[in-house]
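Peer 1: 3D, please:
(one chain, ligands or ions: 3)
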Amino acid sequence: MIDRVEEGMSYKIKIFNILKTEACGKPLLAFVRTYGCQQNVSDSEKIKNMLLHMGYNFTDKKEEADFILFNTCSVREHAEERVFGNLGELKALKKQKPRLIIALCGCMMEQGDIKEKIKKSFPFVNLIFGTNALNRFPELVYETISQKKPIFCDKTNDNRKIEELQSYRENKIKAFLPVMYGCDNFCSYCIVPYVRGREKSRELRDILKETKTLVNYGYKEITLLGQNVNSYGKNLKQPVDFSRLLRDVTNFEGDYWVRFMTSHPKDISLELIDEIANNDKICKHLHIPFQAGSNRVLDKMNRRYTREKYLSMIENVKKRMKNVFLTSDVIVGFPGETYDDFKQTLSLIKAVRFSSLFTFIYSKRPGTLACSMTDPVPHEEKTQWLAELLDVQRKISSQIYSDLVGTKVKVLIEDENKKRGYFVARTSGNLIVRIEGEQGMIGEFCEVKIIKCQNCVLEGAIINR
Ligand code: SAH
Ligand code: SF4
Ligand code: F3S
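Peer 2: Residues are numbered from 1 along each chain as shown. Ligands and ions are numbered 1, 2, ... in the order given. Alright, predicted model coming up:
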C-alpha cells in the first residue's frame, strides 16, 4: 500500500507547480469560512495546513482570494440557509474571476439532496466533498485544477485516517484536539450521526503524542473534542475510558490546562467526576446538554436518561466540586412538546443554575426520526416560550456573575480587548474577564480579583502574575 501521507504530499507538490505557473509570481490566496461547531473548526485547521502546502497564503477578504472554501454545517435549517445565502454572493465574483476555485465541504455535503441542489442552483461551484473525504483534499484539488471541470466527490474515506492530518493553528495559545469522530447516539432530532458517521476514537498514544507536541510548543489551553467525549475509547482494540485519557493528557510537565466538550449526561460516571474534581490541570467547567426537562420529551428525543438522573448527576458534580461552572444546550418546541413539558425545562434550569445556556428552537432535519413526528405548536408560540426561558436564564446568569465580585480567580489571558490597554482573559469555569494589562501578557496565567460586574461582563484586577 502506498504511504497515504506521502501520496498526499506528491499531490500537493503537483498542485503547487501548476498554480505557481498560473499565478505568474503573484502570491496565491485562500479564503476559508467555517460554519458550525468546534469539530468543523478543527477540520478547517487540517484543510488550511494542506492549502499552505499547496502554496496558498490566507486572506480574510474573499474578493482577493484565488480559492474560496466554505466548511458547512447542517445542524439546523438556519445554518444551511446562511451557507446558501453566502454562496449566492459568490456568483458575481466568479464571473469577474473565472479562475477562482470555489469549494464546499463539511456536514451539508454528506447529504445527497443538498449536493443535488448545489449542482442545480450554484453551477459555478468547482469542488464538493464531505466530512469523510477530508484527506482526499489534495488529490481532489489536483483533479479540479488539472481536469478543469467540477468535481463532486461521492467516495468516502476508504480507510485513510483523518486524524493523521496535521493542523494549521492560527491561535498559538489555545488548541482544539479531536479525540473522537462521529456519533452513535441518534438523538431523534439530530443530523450529526448521519453526516459525521459512526463514533470512532483516536488511539490514546496518538492523542498523547499530539498533546506533548502542543505543550512543547507552549500551548496553554487544550480542548479535547468529540460529540460525546464521555464514551471515548469504548471501541478501541484495547478499550480506554475518558477518565484515563484526562489523567494522561494532563500528565505532561508544563503550565497548561485542559477543557473538553461535549459531555453526554448518560455517560458521566462518578469516577470521571472525581478525576475532574481532583485534577488541577482540568478546567472546572462542564458543558452537559440536557435538551429538555420533561421525561416524556426526553424519551421521544431518544436521550436515554431521565430528568431525575440528570439532576442527580448534577448533584454529584456540585457535591464534589464547589467551584464548578455548568453550561448546557436546550431545545425548545420539540415535536409534540406542550407548555406543561416546557415548564419542566424551566424548572430544571432553575434547579441546576447554569452559568449560561445555548438555546435552540427545534429545527426539522430531513432524514431524522423526529422529522416525521407531528409538530402542532406554531413557531410564534415556540418563540414566546424561548423568550420566557431566556428571561429566567438571564436572571440566573446575572446572579452567578455578580456573586463573583470580590473573589480571586485564576485566568488565562487570551487576547487584546477592543479597548486599548485592556485584555480578554478566561477563567477555569469558562467565564470571560476583562482586565487592564500591558503588552506581552497574552498567553500568561495570572490571578485576578473580580472588581466589577455589569450585564454579565466581569472586570478584574491582576493581583498575581
Ligand atoms: N454532540 C453534542 C451536540 C451536537 S449539536 C451533544 O450531544 O451534546 C449541538 C446542539 O445543537 C445540540 O446539543 C442541540 O441542542 C442542538 N440541536 C441539534 N439538532 C437540533 C435540531 N434539529 N433543532 C434544534 N437544535 C438542535
Ligand atoms: Fe446529535 Fe445526540 Fe450525537 Fe449529540 S449525542 S451529536 S445531539 S445525536
Ligand atoms: Fe454542524 Fe456538523 Fe458540527 S452539523 S454542529 S458542523 S458536526
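Peer 1: downstream of the worst-scoring helix or strand of the chain on mean pLDDT, the next helix or strand is which one?
Peer 2: Using mean pLDDT, DSSP states H and E, helix 4-23 stands out as the lowest-scoring helix or strand of the chain, at a mean of 65. Next in sequence after helix 4-23, counting helices and strands by DSSP states H and E, comes strand 28-34.
Peer 1: wondering if that next one reaches ligand 3 at all.
Peer 2: No: Strand 28-34 does not reach ligand 3 (C-beta under 6 Å from any ligand atom); its nearest approach is 8.5 Å. Quick note: C-beta positions are derived from backbone N, CA and C, even for glycine.
Peer 1: packing partners for the helix or strand just after that strand?
Peer 2: From strand 28-34 onward toward the C-terminus, using DSSP H and E, the following helix or strand is helix 38-54. Here helix 38-54 touches helix 4-23, strand 28-34, strand 67-72, strand 101-106, helix 137-147, strand 174-178, strand 221-225, going by 3 or more C-beta pairs under 8 Å, 6 or more residues apart in numbering; DSSP states H and E.
Peer 1: swap the cut-off to 6 Å and go again
Peer 2: In terms of contacts (3 or more C-beta pairs under 6 Å, 6 or more residues apart in numbering; DSSP states H and E), helix 38-54 is packed against helix 4-23, strand 28-34, strand 174-178, strand 221-225.
Peer 1: check the residue in the stretch 101-250 of the chain that ligand 1 sits nearest to and give its pLDDT.
Peer 2: Going by C-beta to the nearest ligand atom, ligand 1 is nearest to Q227 of the stretch 101-250 of the chain, at 3.7 Å. pLDDT recorded at Q227 is 94.
Peer 1: that one contacts C183, correct?
Peer 2: Yes: between Q227 and C183 there is a contact under C-beta atoms under 6 Å: 4.0 Å.
Peer 1: quick check: the gap between the residue in the chain that ligand 3 sits nearest to and T338.
Peer 2: As assessed by C-beta to the nearest ligand atom, ligand 3 sits closest to G36 within the chain, at 2.7 Å. Counting by C-beta to C-beta, to the nearest Å, the separation of G36 from T338 is 31 Å.
Peer 1: the more surrounded of those two?
Peer 2: For G36 and T338, the more surrounded residue by other C-beta atoms under 10 Å is G36, and the numbers stand at 21 against 13.
Peer 1: what about D255, neighbour count?
Peer 2: 12.
Peer 1: does it belong to a helix, a strand or coil?
Peer 2: Under the three-state scheme (DSSP: H, G, I helix; E, B strand; the rest coil), D255 adopts coil.
Peer 1: do A387 as well
Peer 2: helix.
Peer 1: tell me the pLDDT at it?
Peer 2: pLDDT, A387: 98.
Peer 1: could you tell me how many residues sit around it?
Peer 2: Neighbourhood size, A387 [other C-beta under 10 Å]: 10.
Peer 1: one more: G130?
Peer 2: Applying other C-beta under 10 Å, we find 25 residues neighbouring G130.
Peer 1: likewise R307?
Peer 2: With other C-beta under 10 Å as criterion, R307 counts 20.
Peer 1: pretty sure it contacts N295?
Peer 2: Yes: the criterion here is C-beta under 6 Å, and R307 meets it with N295 at 5.4 Å.
Peer 1: just to revisit the earlier point, the residue of the chain closest to ligand 3 and ligand 1: what is the separation?
Peer 2: From G36 across to ligand 1, the span is 9 Å (C-beta to the nearest ligand atom, to the nearest Å).
Peer 1: that residue and N86: what is the separation?
Peer 2: 13 Å.
Peer 1: next: R465.
Peer 2: Taking C-beta to C-beta, one finds R465 at 43 Å from N86.
Peer 1: for K46, same thing?
Peer 2: 22 Å.
Peer 1: neighbour count: these two, which is higher?
Peer 2: K46 (20 against 15).
Peer 1: OK, contacts around that one?
Peer 2: L165, S167 (C-beta atoms under 6 Å, 6 or more residues apart in numbering).
Peer 1: and the pLDDT for it?
Peer 2: Looking at K46, its pLDDT stands at 95.
Peer 1: what of K395?
Peer 2: K395 is given a pLDDT of 97.
Peer 1: count of neighbours near it?
Peer 2: Using other C-beta under 10 Å, K395 has 11 neighbouring residues.
Peer 1: just the element for it, please.
Peer 2: In this assignment (DSSP H and E), K395 forms part of helix 379-402.
Peer 1: what do you get for K212?
Peer 2: helix 204-217.
Peer 1: what is the orientation angle of that helix with strand 221-225?
Peer 2: With axes from the mean of the first three to the mean of the last three C-alpha atoms, to 10 degrees as the basis, helix 204-217 and strand 221-225 are set at 160 degrees to each other.
Peer 1: just for the stretch 51-200 of the chain, where's the confidence low?
Peer 2: Applying pLDDT under 70 to the stretch 51-200 of the chain flags residues 155-160.
Peer 1: can you show me the helices along the stretch 301-450 of the chain?
Peer 2: Secondary structure of the stretch 301-450 of the chain (DSSP state H, counting those that start in this stretch): helices at 307-320, 339-352, 379-402.
Peer 1: how about the first one and ligand 1, any contact?
Peer 2: No: against ligand 1, helix 307-320 shows no contacts by C-beta under 6 Å from any ligand atom, the least distance being 12.5 Å.
Peer 1: so what secondary structure elements neighbour that helix?
Peer 2: Applying 3+ C-beta pairs under 6 Å, 6+ apart, one finds that helix 307-320 makes contact with helix 270-278.
Peer 1: buried residues in the helix it packs on?
Peer 2: L272, I273, E275, I276, A277 (16 or more other C-beta atoms under 10 Å).
Peer 1: what of stretch 278-294?
Peer 2: Neighbour-count burial for stretch 278-294 [16+ other C-beta under 10 Å]: 279, 281-294.
Peer 1: tell me, which of these make contact with ligand 1?
Peer 2: Within the buried residues of stretch 278-294, those near ligand 1 by C-beta under 6 Å from any ligand atom are P289, Q291.
Peer 1: mind listing which of the buried residues of stretch 278-294 are in strands?
Peer 2: H285, L286, H287 (DSSP state E).
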